[in-house]
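Participant: Mind looking at a prediction? Sequence and model below.
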Amino acid sequence: MERRIAFLCTLSVCAGSASADITVFTDRSLWEEAAGGPVFVEDFNAQTPGIINPGATLDTGLIQIMRDGEPNGSDGLLEIEPGANFGNLDGTTFLSGETGAEPHEVVNIMFGGASANAFGADWFSPFSGDGIGLMVDGELILLDQIGGFDQGFVGIVSDGPLFSSIQIVGNPAAPTFQELWSADNLSFAVPSPAAASLLSLGALTMVRRKR
């Protein structure tokens, strides 16, 4: 069945009708409430800054980041950067990349073998956010279509099938467009009882429970 994506945006929240399979939020608190259950957050603060090479996987103990391909141009790096570098959102270590020109780089994010019903992150683009997309089971969500996005939280919740990974991709309609991006506090929710196995790993950066 084809998924539907709902957008209903205000200054602080982007949410959709309950009948849609995927709902997009720009308010973290409302996203956490809709996700339900425990929310796992990777803030990268325990990670050593460095480049993630093409074909390599960074395993933080909570999430896995796999770089599939590489952007065109020498400045198109996928890396963990120190909080003092340009692009940080809160002065702490963060993930940065570039969507690249065709063929676009794909950054796969996996959840320790678990399947999630929600994913979100704090995002920053030094330009407009054009060309940055999230791919969820073949459905493309372009960040620049979310209330004139250029910085802030974007999260999705699926009312349909769970997903075991999410991809950061370029806009296939703009094959020559390159866009820089930064992401921090990558978050996901896993329905119980699968959440229990993640909680038992003892390698969580942070767990927020629904109040």
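Facilitator: Cool, got the structure.

Participant: could you say what helices and strands the strand ranked longest in the chain packs with?
Facilitator: Longest strand in the chain, counting residues (DSSP state E): strand 180-189. Helices and strands touching strand 180-189, by 3 or more Cβ pairs under 8 Å, 6 or more residues apart in numbering; DSSP states H and E, are helix 28-35, strand 39-42, strand 94-98, strand 118-124. For the C-beta atoms, the positions are set from N, CA and C on the backbone; glycine is no exception.

Participant: between the ones you listed, which gets nearest to T48?
Facilitator: strand 94-98 (12.9 Å; Cβ to Cβ).

Participant: That closest one pairs with which strands, and in what direction?
Facilitator: strand 79-81 (antiparallel), strand 180-189 (antiparallel) (DSSP bridges).

Participant: Packed most tightly, which of the ones you listed would that be?
Facilitator: Per-stretch averages of neighbours, counted by mean count of other Cβ atoms under 10 Å, single out strand 180-189 among those, with a mean of 24.

Participant: Could you tell me the angle between that strand and helix 28-35?
Facilitator: With axes from the mean of the first three to the mean of the last three Cα atoms, to 10 degrees defining the directions, strand 180-189 sits at 40 degrees from helix 28-35.

Participant: Look up the closest residue to I51, ignoring the ones flanking it.
Facilitator: E79 (4.5 Å; Cβ to Cβ, 6 or more residues apart in numbering).

Participant: any idea how far the one you found is from L95?
Facilitator: 8 Å (Cβ to Cβ, to the nearest Å).

Participant: With mean pLDDT and mean neighbour count added, can I get the helices and strands packed on strand 180-189 in CSV?
Facilitator: As requested, the helices and strands packed on strand 180-189 are exported to CSV (pLDDT from 0 to 100; neighbours: other Cβ atoms under 10 Å):
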stretch, mean pLDDT, mean neighbour count
helix 28-35, 95, 20
strand 39-42, 96, 23
strand 94-98, 93, 24
strand 118-124, 95, 23
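
Participant: Of these, give the one that comes closest to Q167.
Facilitator: Closest to Q167 of the helices and strands packed on strand 180-189 is strand 118-124 (Cβ to Cβ; 10.6 Å).

Participant: Adjacent strands (with direction) for the closest one?
Facilitator: According to DSSP bridges, strand 118-124 has these partners: strand 151-158 (antiparallel), strand 180-189 (antiparallel).

Participant: Turn the helices and strands packed on strand 180-189 into CSV, columns for distance to W181.
Facilitator: As requested, the helices and strands packed on strand 180-189 are exported to CSV (distance: least, Cβ to Cβ, whole Å):
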stretch, distance to W181
helix 28-35, 18
strand 39-42, 16
strand 94-98, 6
strand 118-124, 7
